[in-house]
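Student: Build me a model:
(chains A and B)
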Number of protein chains: 2
Amino acid sequence: MKYPKTLNDLIECFKKLPGIGEKSAERMALSTLDMDEDILKLFSESLSNVKEKIKRCSVCNNLSEDDLCEICKQNDRNKKVICVVEDAKNVILFEKIGSYNGLYHVLDGLISPLDNVNPEDINIEQLINRVKDNEIEEVILAVKPSVEGETTSLYISKLLEGKNVKVSKIAHGVPIGVDMEYIDSLTLEMALEDRKNIF
Amino acid sequence: MKYPKTLNDLIECFKKLPGIGEKSAERMALSTLDMDEDILKLFSESLSNVKEKIKRCSVCNNLSEDDLCEICKQNDRNKKVICVVEDAKNVILFEKIGSYNGLYHVLDGLISPLDNVNPEDINIEQLINRVKDNEIEEVILAVKPSVEGETTSLYISKLLEGKNVKVSKIAHGVPIGVDMEYIDSLTLEMALEDRKNIF
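Tutor: This next block holds a predicted model:
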């Protein structure tokens, strides 16, 4: 004994979403019965269009509905600086800071031999060509400080060595607003090593 | 600076679901890019059909795609017993027990004067008529033990008094598998009051 078919279908679909189990899917499916017709229409249409409409920016590989993404389209950006990120979600994170004005490069993954992800499986070649062809002044490596992140950063910096481009890496250390007691010792070690002189 | 339009629309739609904030909506919208075409199609179609297809059972007010719901359609049910529940979700809860064999009545709410929900706003009249017209033997009140639940139970039992029908209420007490220390004192009081003789 279950819900009527359309609701069951919806529950199954909601369950495919990340982090959604049986109970939440049920709650979500039932909540659609109380949604506005307009919202449901937009929801339904967006879902059926999303795969077809969302492409990749031909320059930076960011998510985009056009050939160029919203960021590469902007003329007031500093086109000499590229911030290299793991995925498109991270682009939004950096955009939220508000002060970064350069471009991005979305790798779409990190090198991870254990998971069978090799350098040629992510967009590294596209990045190297982009640096060569556009007289880029700085490449900022902004991937997470995991084994995969460090491997990827190292690999990219090796390829860019001697190419007349500055390569930097975002700082790792104690995040703002956190109690010191919750910081793991590896982070503390990094924070200590990269300490800044005050005077 | 945000995601492309279709993704933004999706994020906004996911945010309308219960318990979904900005971050989860973002994660869900992005995950649709990796979903199978078939699932997306089913998802999209189910959403656009759900309001139109899902109706109410003309007998018990349960969710249904036809005039009669799956439960009212079954011939091997005990049609003399009605379990009164707050909403259609609770029907599924009782069905999961597996041993209840009677019918249901979905009130679609509880009496709550503070929220402006009066007896005529929920399906009480339909229940009373159903009891009168069908020689019902027992009405089981199975709403939650809140002020609203108790008010609704009391109201319904008053209306059914002297109508030659047994009216009962599900037991309240200590749930199974919970440490005693986590039980609130009101529940404990109820459990003590409704204690069962062992010998």
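
Student: tell me, which helix in chain A spans the most residues?
Tutor: When chain A is parsed with DSSP state H, its longest helix is helix A:37-53.

Student: what's the spacing between stretch A:98-111 and its chain's center?
Tutor: Chain-centre distance of stretch A:98-111: 7 Å, with Cα atoms, centre = their mean, to the nearest Å.

Student: And that stretch, what's buried?
Tutor: Burial within stretch A:98-111, assessed by neighbour count using 16 or more other Cβ atoms under 10 Å in any protein chain shown, is assigned to A:Y100, A:G102, A:L103, A:Y104, A:H105, A:V106, A:L107, A:D108, A:G109, A:L110, A:I111. C-betas here are computed from N, CA, C, even on glycine.

Student: From chain B, how far out is the second one?
Tutor: Between A:G102 and chain B the distance, using Cβ to the nearest Cβ, to the nearest Å, works out to 13 Å.

Student: Could I get the phi/psi values of that residue?
Tutor: phi -90, psi -160 (degrees, to the nearest 10).

Student: For the longest helix of chain A, give the mean pLDDT please.
Tutor: Averaged across helix A:37-53, pLDDT comes to 92.

Student: ok, the closest residue to A:V59 other than its chain neighbours - contacts?
Tutor: Once flanking residues are discounted, A:V59 sits nearest to A:C72: 4.7 Å by Cβ to Cβ, 6 or more residues apart in numbering or on different chains. By Cβ atoms under 8 Å, 6 or more residues apart in numbering or on different chains, the contact set of A:C72 is A:C57, A:V59, A:C60, A:N62, A:L103.

Student: Looking at these, which one is closest to A:K80?
Tutor: The nearest member of these to A:K80, counting by Cβ to Cβ, is A:L103 at 8.7 Å.

Student: what bridges to the residue lying closest to the closest one once chain neighbours are set aside?
Tutor: Leaving aside its sequence neighbours, A:L103 sits nearest to A:I82 (Cβ to Cβ, 6+ apart; 5.3 Å). Beta-bridge pairing for A:I82 (DSSP bridges): A:L103, A:V139.

Student: A:I136 in helix, strand or coil?
Tutor: Each residue gets one of three states, and A:I136 gets coil by DSSP: H, G, I helix; E, B strand; the rest coil.

Student: quick one on the thing from earlier: looks like the residue nearest to A:L103 contacts A:Y104 (just checking).
Tutor: Yes. In this structure, A:I82 is within contact of A:Y104 by Cβ atoms under 8 Å, at 6.8 Å.

Student: what is in contact with these two at once?
Tutor: A:C60.

Student: any idea how chain A splits into domains?
Tutor: Using automatic domain parsing, the domains assigned to chain A come out as A:5-53, A:72-169.

Student: Now do the helices in chain A.
Tutor: Using DSSP H, the helices assigned to chain A run over residues A:5-15, A:22-32, A:37-53, A:70-73, A:88-97, A:124-133, A:147-160, A:185-193.

Student: what pLDDT does the most centrally placed residue in chain A get?
Tutor: By Cα atoms, centre = their mean, chain A has its centre lying nearest to A:D87, at 2.6 Å. A:D87 carries a pLDDT value of 91.

Student: go on, the one 3 residues further on?
Tutor: Per-residue confidence for A:N90 comes out at a pLDDT of 90.

Student: Could you check how many residues crowd around the spatially closest residue to it that is not a sequence neighbour?
Tutor: Sequence neighbours aside, A:A142 is the residue nearest to A:N90 in space, at 7.1 Å (criterion: Cβ to Cβ, 6+ apart). Residues near A:A142, counting by other Cβ atoms under 10 Å in any protein chain shown, number 22.

Student: Quick check on A:A142: phi, psi?
Tutor: phi -130, psi 50.

Student: and the gap between it and chain B?
Tutor: In terms of Cβ to the nearest Cβ, A:A142 sits 16 Å off from chain B.

Student: hang on, that residue packs against A:L93?
Tutor: No. The pair A:A142 and A:L93 does not pass the contact test of Cβ under 8 Å, sitting 9.2 Å apart.

Student: Give me the number of neighbouring residues for the closest residue to A:E137 other than its chain neighbours.
Tutor: Computed as Cβ to Cβ, 6+ apart, the closest residue to A:E137 that is not its neighbour in sequence is A:K80, at 4.1 Å. Using other Cβ under 10 Å, A:K80 has 14 neighbouring residues.
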